[in-house]
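1. for reference, the sequence and a predicted model appear below.
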Amino acid sequence: MPKLSIVIPCYYNEENIPVTSARLLENEQLFPAEVEFEYVLVDDGSRDGTWAAIRAFQQAHPSKVVGIRLAGNVGSYNAIVAGLAHATGDCTAVMTADLQDPPELLRQMYDYWQQGLKLVLANRAKREEGLLQRWFSNSFHWLVRRLALPGIPPGGFDLVFFDQQLRHEVVRLQERNSNVFYLLVWLGYPYVSLPYTRRRREIGKSRWTLSKKIKLLIDSLLSFSFFPIRAITVVGFVFGFLAILYSIYLVFFRLQHPNEPPGWTSLMLLVLLVAAFQMVALGVLGEYVWRGLDAARQRPMYVVDETSPAQPSHVQE
């Protein structure tokens, strides 16, 4: 009897959880009767009633719901890894708690898994969101496809379905400052992509701020691409070539105008240009060094504060 684990990271989703849980229970009717369900909800350090809502869902369905409360806010992707570490299904799905990604797609994704595919993605072909949000999202995923992972589907994806083998690999890797969804694609397994329209959020307010989106873009590019380092090398060569041309120009200019006093403008422009490039280069190199230091420290990705039903408290699997 196949078992499907559905992992849901939650952050300030007190109002969403009752609605989402009801939809998930209704969605079970789309599956064959022999499928067993496990819902793993991870409270990512919320300070509202999110944990109480998770506890209520678990107590109403103790045989199929696992609640995990993290000690602090570690980000949705680390929270997902915590949920994957506690999941026990033959296959696993990851979805958001706000129902912007339709759970009805899970049945079709399950059918692909039954056919032997180990990874199924649901990519956002359209978005019922504002113009600025659509522009930022499209630009974000265009950059990732262009510079890091050309094989990912356009529009991005927050609803994924995969085999337990991939779940074990993601948990084993313990990848810090990364993107779990892109990591699943990076593993190299063939996948199928199902386009859908991402719905407008109806309940609550998104905590996915601009600063978090920018951090995710930086993490994604640095985790899956050498482009920033290569870009520095190319720009360095370009600046070096321009410096050689400018030096040749200064020599000829000096020979033709021996009495011309040296100009501060060209000197300052050159100094500022080189200094700006050096600061950018140091910043990019610093990002890589910091990530190496963060991995070398081997600090836990998350700390479990409480589980429901109660399980031995531990620091990451």
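-> Thanks, I have it.

2. from now on I want contacts and neighbour counts done on CA atoms only, so please keep to that.
-> Will do.

3. show me where this structure has strands.
-> 3-10, 36-43, 65-70, 91-94, 119-127, 157-163, 191-198, 304-308 (DSSP state E).

4. E287: which of those is closest?
-> Minimum separation from E287 across those (CA to CA) falls at strand 157-163, 25.7 Å.

5. tell me the angle of that closest one relative to strand 119-127?
-> Taking axes from the mean of the first three to the mean of the last three CA atoms, to 10 degrees, one finds that strand 157-163 is oriented at 160 degrees with respect to strand 119-127.

6. take strand 157-163, keep the C-alpha atoms, and write them as CSV.
-> C-alpha atoms of strand 157-163 as CSV (Å, rounded to 0.1, in the frame of the first residue of the first chain):
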residue,chain,number,x,y,z
PHE,A,157,7.7,25.9,-9.1
ASP,A,158,6.6,25.5,-5.5
LEU,A,159,4.7,22.3,-5.9
VAL,A,160,6.9,19.2,-6.3
PHE,A,161,6.3,15.4,-6.1
PHE,A,162,9.2,13.0,-5.8
ASP,A,163,10.3,9.5,-4.8
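
7. quick one: mean pLDDT for it?
-> With pLDDT averaged residue by residue, strand 157-163 scores 91.

8. related to what we said a few turns ago, in TSV, list the strands of the chain along with mean neighbour count and distance to G151.
-> Listed next are the strands of the chain as TSV, based on neighbours: other CA atoms under 10 Å; distance: least, CA to CA, whole Å:
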stretch	mean neighbour count	distance to G151
strand 3-10	24	25
strand 36-43	24	29
strand 65-70	25	33
strand 91-94	24	20
strand 119-127	21	12
strand 157-163	23	13
strand 191-198	17	10
strand 304-308	18	34
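
9. can you lay out the ones you listed as a markdown table showing distance to G286?
-> Shown next, in a markdown table, are the strands of the chain (distance: least, CA to CA, whole Å):
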| stretch | distance to G286 |
| --- | --- |
| strand 3-10 | 30 |
| strand 36-43 | 32 |
| strand 65-70 | 29 |
| strand 91-94 | 32 |
| strand 119-127 | 33 |
| strand 157-163 | 29 |
| strand 191-198 | 35 |
| strand 304-308 | 30 |
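
10. ok, which of the ones you listed comes nearest D101?
-> In terms of CA to CA, the element of the strands of the chain nearest to D101 is strand 191-198, at 5.7 Å.

11. work out the gap between stretch 25-36 and the centre of the chain.
-> Distance of stretch 25-36 from the chain centroid (CA atoms, centre = their mean, to the nearest Å) equals 29 Å.
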